Structures are given as C-alpha cells and as structure tokens.
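In: Turn this into a structure:
(one chain, ligands or ions: 1)
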Amino acid sequence: MATDGQDERPHHDKGALSGRTALVTGAGRGIGRATARRLAADGALVVVHYAGNEEAARETVERIIKDGGQALPLRTELGTDDAAVPALYERFDAALAQLGAPPRLDILVNNAGISVPGSIYEVSPRDVDRLLELHAKAPLFLVQHGLPRMGSGGRIINISSAATRVAFPQSLAYSMAKGALEVMTRALAKELGERGITVNAVAPGFVKTDMNTRRWATAEAEAAHAAHAALGRMGLPDDVADIVAFLASDDARWITGQCLDASGGSHL
Ligand code: NAP
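Out: You can find the predicted model right below:
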C-alpha cells in the first residue's frame, strides 16, 4: 500500500484557497489523494473523483474531513464512454448543491491515470486507445465541460510525466499520451489566458504509489530508481501535491502554458 506521507505533516495555513472548489481526478489514491488533501488543507472544497476503488476514495474524504477540510467523493470511470464527462459534471453540480455550494469549478486537476508498459515490440492498438483516452481525451473534455463553470482566476493543472522530457521507450504509448496532454496544456493556456485562467502541467518522475509498486517493492529496485534523481530518492505523492498546490494558488498567477518538472532533478 502506498503512503501519501501526510500523516505526520503539520496542517498548512488555512485559507489560501478558501471559497474555491477543486475537482481532482483519480484522487482516491497516490498523487491525487495527496493533492486533494493539500488543496483541502489550503481551504478548498475538494471533489474527490475516483474510478472504482470506493474504499480508497472514502478514506481520502474521511481524512480530509477529520483534518477540518471539506470534501466529497464522485465516482466515474473515464476513458470508456463519451457520456462519462457530461454525466460527471451533472453529479458534480448536484453534489455541490447538496452542500449549498454553487456549481462553480475553480481548480481542475487532471490526474487520473494508468500505467501500461509496452515497447514498440509489445504495444497493442487497445493499449494506445486506453492510454490516449484516459490521459489526453478525458482531460480535454473535462476542460471543455468544466469551462462554463470556471471564471477568472481558474486553474487547470494536468499531471504529465518526465517521460515526455527523456526517452522512455519501455512505455511508448504512455509517453505519447502524456505528450498529447502537454501539447493541449500549451494550446489551452494561450486560448484561456483572456479569461484569466491559467493552464499548466506538472511532470513527476518515479513516485512511490500503487501505480508502480514494482519500482519500489524491494530495496534494490527503489535504490535503482532513486539513482535517477539528482536529489537521490524516489518521489513521494506530497512532493508532487505541493507543486500542484503552488500552481493552484494566487502566487502562481503569472505562470501559464508551462510544464513544471517534479522529478527531483531526474535525468539531468
Ligand atoms: P495511482 O496511485 O495508481 O492512482 C490512480 C488514480 O487514477 C486512482 O484514483 C484511480 O481510481 C484513478 N483512475 C485510474 N483509471 C481510471 C479511469 N479509467 N477513470 C477514472 N479514474 C481512473 O496513480 P499515481 O501514481 O498517483 O498517478 C497519478 C498521475 O500521475 C497519473 O496521471 C500518472 O500517469 C502520473 N504519474 C505518475 C508517476 C508515478 O511514478 N507514480 C510518474 C509520472 C506521472 P481508483 O482509485 O478508483 O482505481
């Protein structure tokens, strides 16, 4: 079971994001859970989206509420059906209404993802479809259907990967899908700037989550992956969540169209 490393950390100052509503996709576990907790600690009402692991999502929500934050779970499998995104926002609006909150989206974090390893010799058409649908198509339509709910000061943050910066042929289609997400990030930043909305990406290196337990299942495996980073360890979900929270904050108002490396200086 992955750790989000937040159990011992002190609470952040409340308020930097108070009054804002965030939707974090894939927030039941891993980087998404750490991001949801951090945004909630900063005062946002967080919609904890997940695909099917209800127990993990419930635990994320319970931890946020126990820490004095506001959160609610929202289940939708993305990347399978074009009706999924509009249906997600219908439930989003209804869930907010139940809390007496307006149907407004201030921060969208496109984080949900899967790892499907495969080189040019192994990759299948279905792998390519699944990866592009979840990592590029779903974020695009989450933005399209989220925009009517987003005003000036809105934040769109896409979780990419260092696999777009350095060649990662063992996960070819995954890298290509994240590349598409980064291209979308830059194009949307240009278009949505006039609405006062920033659009950025964050590119983690190897992070200790359920997605890649094989990379840290043994001390040897972890040491091998830690060695890629200038800072000499694997990333933790909080390492990425804190960067997302910065991009979501007012302090990052003058950054848009960028991809921030979140890899501890991997492959420098
Ligand atoms: P994780 O711990 O495996 O969590 C993945 C999350 O995505 C879960 O909440 C899962 O929902 C959700 N999800 C998976 N498939 C989905 C689908 N079809 N529809 C909707 N939601 C779905 O993953 P992670 O390591 O935190 O990864 C988060 C993001 O960071 C991903 O975009 C990943 O590509 C990126 N990233 C990760 C690493 C790394 O080393 N871990 C490195 C670079 C980039 P359930 O909980 O309901 O299953």
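In: ok, for the closest residue to the ligand within the stretch 51-200 of the chain, nearest residue in space, not its chain neighbours?
Out: Closest to the ligand within the stretch 51-200 of the chain is Gly113: 2.4 Å, counting by CB to the nearest ligand atom. All C-beta atoms are positioned from the backbone trio N, CA, C, and that covers glycine. With CB to CB, 6 or more residues apart in numbering as the criterion, Gly113 has its nearest non-adjacent residue at 5.8 Å, and that residue is His135.
In: okay but the residue of the stretch 51-200 of the chain closest to the ligand is in contact with Glu133, surely?
Out: No - between Gly113 and Glu133 there is no contact under CB atoms under 8 Å: 11.3 Å.
In: and those two? which has more neighbours close in?
Out: Neighbours per residue (other CB atoms under 10 Å) separate Gly113 from Glu133, with Gly113 holding more: 26 against 16.
In: Where does the more buried one sit: helix, strand or coil?
Out: Secondary structure for Gly113, judged by DSSP: H, G, I helix; E, B strand; the rest coil, is coil.
In: cool, the one 3 residues further on as well?
Out: Secondary structure of Val116, reduced to three states by three-state DSSP: coil.
In: Tell me how many other residues crowd it.
Out: Look at Val116: counted by other CB under 10 Å, it has 19 neighbours.
In: Tally up the residues packed near Lys249, please.
Out: I think there's a mix-up here, since residue 249 is Ser and not Lys. Ser249, neighbours per other CB under 10 Å, totals 16.
In: what sits against it?
Out: Ser249 makes contact with Ala16, Leu17, Asp42, according to CB atoms under 8 Å, 6 or more residues apart in numbering.
In: What is the nearest of those to the ligand?
Out: Closest to the ligand, out of all of the contacts of Ser249 and judged by CB to the nearest ligand atom, is Asp42, at 19.3 Å.
In: shouldn't the closest one be in contact with Gly15?
Out: Yes - using CB under 8 Å, Asp42 is in contact with Gly15, at 7.4 Å.
In: So these two - more neighbours on which side?
Out: Using other CB under 10 Å as the criterion, Asp42 and Gly15 rank with Asp42 on top: 23 against 9.
In: Quick check: the gap between the more buried one and Ser161.
Out: 25 Å (CB to CB, to the nearest Å).
In: and the nearest residue to Gly52 once chain neighbours are set aside, what element?
Out: Distances taken as CB to CB, 6+ apart place Glu77 nearest to Gly52, at 6.6 Å, with adjacent residues excluded. Taking DSSP states H and E as the definition, Glu77 sits outside all helices and strands.
In: Thanks again, I'm all set now.
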